[in-house]
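Q: just a sequence and a predicted model for now, questions to come.
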2 protein chains.
Amino acid sequence: MEKRMKIAALAGGVGGAKLAYGLSKTLSNGQLSIIVNTGDDFELFGLYISPDVDTVCYTLAGLANPLTGWGQVDETWEVFQALSRIGGPNWFRLGDHDLALHMERTRLLHSGLSLTEVTQELCIRMGIKDHVYPMTDQPVRTIVNTVDKRKLQFQEYFVKEQCIPEVTGFEFSGIEEAKPGFYVIKTLTEADLIIICPSNPWVSIDPILKLSGIVEIIKKKIVVAVSPIIGGKTIKGPAAKMFLELGIEPGCFEVANHYKDFLKGFVLDSQDQEEASRVSDLGIIPFVTQTVMRSMDDRIRLANEVLEFGMNLFRKGI
Amino acid sequence: MEKRMKIAALAGGVGGAKLAYGLSKTLSNGQLSIIVNTGDDFELFGLYISPDVDTVCYTLAGLANPLTGWGQVDETWEVFQALSRIGGPNWFRLGDHDLALHMERTRLLHSGLSLTEVTQELCIRMGIKDHVYPMTDQPVRTIVNTVDKRKLQFQEYFVKEQCIPEVTGFEFSGIEEAKPGFYVIKTLTEADLIIICPSNPWVSIDPILKLSGIVEIIKKKIVVAVSPIIGGKTIKGPAAKMFLELGIEPGCFEVANHYKDFLKGFVLDSQDQEEASRVSDLGIIPFVTQTVMRSMDDRIRLANEVLEFGMNLFRKGI
């Protein structure tokens, strides 16, 4: 990968963070900017928690817990246990080391910095060499509409109710008023290649895409997506279940279809290679490879393949 | 002590909490109400911290750290260490178990409860049988004026700068607008005896006294104070140093003198018995005993003596 090429990645939580890690290991300092969903952000105990930004940062910093997919490795639970003892809510498990980050983020936000500035500061302190940009500094909150007519905050749906309620759709409260971050616009405008990581299209990538001006910019760019759905299922998270509940057959084709207005290339798993021709029929160039990232090596191999695929499209002027 | 008698105590941190503990062990359920200074309250990491209320509650609940005088016993420091690792401020030591309480308090405050309601709820959860009332639900903040013309927030002075700066006076920001808590007024109005615990007159008791209407109520009552100054010194805290810096000889006489507008009885240590006649000359009845509370038994003995002294004044109609 030529060092002057600029790569932007759009990511949500775990799956997105894994590919971001591979990209980080493959690319040089300053080449990679990761734009992260903040629709899952919320406040608990007065602390500002940004789950997707944390997962991306912990993963890039080598601090992520490989077993849970969230939180930090070698975590301790003193505060969480003390909270339970005094009758505090315990549906959102906050480890001590994770909590320290939420506290410091909250302190910096209260001191007047924006979420973008705070994230940059915390990335430096965690030794992250890449740019991590929250999609916006304004509050956008993903609301999950359920079949029993409830409107759940995302973390209520995802953590408290463990994705059990049947969904009928999503809202992104505040999306009309929110502006994409200054560096989000700059990153996308200057990017030679934009990679949509294997994150949930409905609740991780759509909030980013629905910010004003984003689709207009990326329509002019080489955008490549990696399917988060493999063999009709997800590695982690409720994406496949959401497709089903929305009446759409969960499969990688439908992911490509979801992004068809701007997608140039689509990376799908070898298990799904019979879908490649349907993807082609959408006018999107398919690329078939092993997309499951079990090991650190898998992340780097997949990142290299995605970058090569994308840069080939770039060179061909697609 | 007759069970129908109602006792109100005014308290700040450590010294006040020790006598409150003795009173709690001596009095029946519902007999004792402790009105606590909130001038030291502050926010850190977005969390609402109420140091004097915490010290009183931890002490009553048997959770206080007997070595430090603040925080909880058997504390762990995972979050504090993690904060230091990521470059967060570490001048205010927050233990994990202590932190859990600040988080739950902040959560309850954000849910719309007042500080009084939150304190009541947390007391119930901690198994405290007595009433603990923050002096007000509105923000009052003690500001320490220093000889080098700085205005320090109390915790900056007390913890960050370890009481080293020379003081020239105190301000209580917000005191004009703040109203004493509803139950503070009710408690003082209904009290048969009001005890001023051995707390710092300048920064623990004065904020309570300066709330509108408090002195007017207690002037009509039997008020007894226990000297926080013994042999010209304090057991803990900067009270004696503050007296000196304000140009007043630190001694128990000056404590009685400070409260002379409403004080009926004054408890001073055997070391200071030669001050008793000067206290009498102020029109305040002195009572000499051992006031140092080294053991739990000391707290209970002193509490019993103070109650008996106060109730004697009450019976004599002083």
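A: Okay, I see it. Numbering: from 1, shown residues only, chains lettered A, B, ... in the order given.
Q: please make it C-alpha for all contacts and neighbour counts, starting now.
A: OK.
Q: which residues of the stretch 1-150 of chain A lie near chain B?
A: Contact residues (C-alpha under 8 Å from any C-alpha of the partner chain) of the stretch 1-150 of chain A with chain B: A:44-47, A:76, A:78-80, A:82-83, A:86-88, A:96-97, A:99-101, A:103-107, A:110, A:122, A:125-126.
Q: please pick the buried ones from those.
A: A:44-47, A:76, A:78-80, A:82-83, A:86, A:88, A:96-97, A:99-101, A:103-107, A:122, A:126 (16 or more other C-alpha atoms under 10 Å in any protein chain shown).
Q: mind checking which of the residues you listed are in helices?
A: Using DSSP state H, the members of these that fall within helices are A:78-80, A:82-83, A:96-97, A:99-101, A:103-107, A:122.
Q: domain map for chain A?
A: Domain segmentation of chain A under automatic domain parsing yields A:7-139+A:174-316, A:141-171.
Q: any chance of JSON lines for those, columns mean pLDDT?
A: Listed next are the domains of chain A as JSON lines, based on pLDDT from 0 to 100:
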{"stretch": "domain A:7-139+A:174-316", "mean pLDDT": "95"}
{"stretch": "domain A:141-171", "mean pLDDT": "94"}
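Q: adding distance to residue B:185, write these out as a markdown table.
A: Formatted as a markdown table, the domains of chain A follow (distance: least, C-alpha to C-alpha, whole Å):
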| stretch | distance to residue B:185 |
| --- | --- |
| domain A:7-139+A:174-316 | 29 |
| domain A:141-171 | 41 |
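Q: let me know which of those domains is tucked in deepest.
A: Most buried of these, by mean neighbour count (mean count of other C-alpha atoms under 10 Å in any protein chain shown): domain A:7-139+A:174-316, with a mean of 20.
Q: quick one: that one to chain centroid distance?
A: Taking C-alpha atoms, centre = their mean, to the nearest Å, one finds domain A:7-139+A:174-316 lying 2 Å from the centre of the chain it belongs to.
Q: show the end-to-end separation of that domain, please.
A: The first and final residues of domain A:7-139+A:174-316 sit 17 Å from each other (C-alpha to C-alpha, to the nearest Å).
Q: and if you look at stretch A:271-280?
A: By C-alpha to C-alpha, the extent of stretch A:271-280 from end to end equals 17 Å.
Q: now swap in stretch A:194-210 and tell me
A: Note: stretch A:194-210 ends 16 Å apart using C-alpha to C-alpha.
Q: stretch A:254-272 too?
A: End-to-end for stretch A:254-272, by C-alpha to C-alpha: 12 Å.
Q: same question, stretch A:3-22
A: Stretch A:3-22: ends 16 Å apart by C-alpha to C-alpha.
Q: same thing with stretch A:273-291?
A: Start to finish, the residues bounding stretch A:273-291 are 12 Å apart (C-alpha to C-alpha).
Q: correct me, but residue A:165 touches residue A:144?
A: No: in this structure, residue A:165 is not within contact of residue A:144 by C-alpha atoms under 8 Å, at 9.3 Å.
Q: who touches both of those two?
A: Residues touching both residue A:165 and residue A:144 (C-alpha atoms under 8 Å, 6 or more residues apart in numbering or on different chains) are residue A:157.
Q: got the phi and psi for the closest residue in space to residue A:291 that isn't next to it in sequence?
A: Leaving aside its chain neighbours, residue A:291 sits nearest to residue A:269 (5.2 Å; criterion: C-alpha to C-alpha, 6 or more residues apart in numbering or on different chains). Main-chain torsions, residue A:269, degrees, to the nearest 10: phi -80, psi 150.
Q: distance of residue A:269 relative to chain B?
A: According to C-alpha to the nearest C-alpha, to the nearest Å, residue A:269 stands 38 Å off from chain B.
Q: ok, now residue A:229?
A: Distance, residue A:229 to chain B, by C-alpha to the nearest C-alpha: 36 Å.
Q: let's verify residue A:288: helix, strand, or coil?
A: Here residue A:288 takes the strand state, with states given by DSSP: H, G, I helix; E, B strand; the rest coil.
Q: gap between the spatially closest residue to it that is not a sequence neighbour and chain B?
A: Excluding the flanking residues, the one nearest residue A:288 by C-alpha to C-alpha, 6+ apart is residue A:268, at 5.1 Å. Noted for residue A:268: a distance of 38 Å to chain B, by C-alpha to the nearest C-alpha.
Q: A strand includes residue A:268, no?
A: Yes: checked against three-state DSSP, residue A:268 lies within a strand.
Q: returning to that earlier point: the residue nearest to residue A:291 and residue A:288 touch, don't they?
A: Yes: at 5.6 Å, residue A:269 counts as touching residue A:288 under the criterion of C-alpha under 8 Å.
Q: which residues of chain A fall in helices?
A: Using DSSP H, the helices assigned to chain A run over residues A:14-26, A:51-60, A:78-85, A:96-110, A:115-125, A:154-155, A:182-190, A:206-209, A:214-218, A:239-245, A:252-258, A:276-281, A:296-316.
Q: so which elements touch the longest one?
A: Applying 3 or more C-alpha pairs under 8 Å, 6 or more residues apart in numbering or on different chains; DSSP states H and E, one finds that helix A:296-316 makes contact with helix A:14-26, strand A:193-196, strand A:223-226, strand A:265-269.
Q: residues in contact with that helix?
A: The contact list for helix A:296-316 (C-alpha under 8 Å, 6+ apart) reads A:1, A:18-23, A:25-26, A:192-193, A:222-224, A:264-265, A:267, A:287, A:290-293.
Q: great, nothing more from me.
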